[in-house]
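Trainee: Predicted coordinates and the sequence they were generated for:
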Amino acid sequence: MTHLIETPRPPPKRPFFLRRGPMENIATALIAIGFLMLFQPFLLVLYTYSLVTLLAGTAMFIIVSKFPE
């Protein structure tokens, strides 16, 4: 009689928007873009939305950092 050995399956891959690493990188880039928008002297519209961009990146980083590895 043959016994089959079951090997454990690797966990299924999460979609891109639920992975911690890439989303932390996107949030960090969003924070950097907001910072650059804040300190550029050329366009008032970029300066206007810089704080919103910084806050969105920071909130995104806080939320994404709670995702499992």
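Mentor: That came through, no problem. Residues are numbered from 1 along each chain as shown.
Trainee: got any ranges where the protein has weak pLDDT?
Mentor: The chain contains residues with pLDDT under 70 at 1-3.
Trainee: mind listing the helices for it?
Mentor: Using DSSP state H, the helices of the chain run over 20-38, 44-48, 50-64.
Trainee: May I see the ones you listed organised as JSON lines, with distance to residue 9 and mean neighbour count added?
Mentor: Quick note: C-beta positions are derived from backbone N, CA and C, even for glycine. What follows is the helices of the chain, written out as JSON lines (distance: least, Cβ to Cβ, whole Å; neighbours: other Cβ atoms under 10 Å):
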{"stretch": "helix 20-38", "distance to residue 9": "21", "mean neighbour count": "15"}
{"stretch": "helix 44-48", "distance to residue 9": "48", "mean neighbour count": "11"}
{"stretch": "helix 50-64", "distance to residue 9": "26", "mean neighbour count": "15"}
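Trainee: For residue 6, find the nearest of these.
Mentor: helix 20-38 (29.0 Å; Cβ to Cβ).
Trainee: Show residues contacting the closest one.
Mentor: Under the criterion Cβ atoms under 8 Å, 6 or more residues apart in numbering, residues 16-17, 46-47, 49-58, 60-61, 64-65, 67-69 lie in contact with helix 20-38.
Trainee: From residue 45, how far out is residue 30?
Mentor: Going from residue 30 to residue 45 by Cβ to Cβ, to the nearest Å gives 17 Å.
Trainee: same question, residue 8
Mentor: Taken as Cβ to Cβ, the span from residue 8 to residue 45 is 53 Å.
Trainee: got it, and residue 59?
Mentor: Residue 59 is 22 Å from residue 45, by Cβ to Cβ.
Trainee: what residues are up against residue 57?
Mentor: Applying Cβ under 8 Å, 6+ apart, the residues contacting residue 57 are 27, 28, 29, 30, 31, 32, 33, 34.
Trainee: Could I get those residues in TSV, plus columns for distance to residue 12?
Mentor: Shown next, in TSV, are these (distance: Cβ to Cβ, whole Å):
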residue	distance to residue 12
27	24
28	26
29	27
30	28
31	30
32	32
33	32
34	34
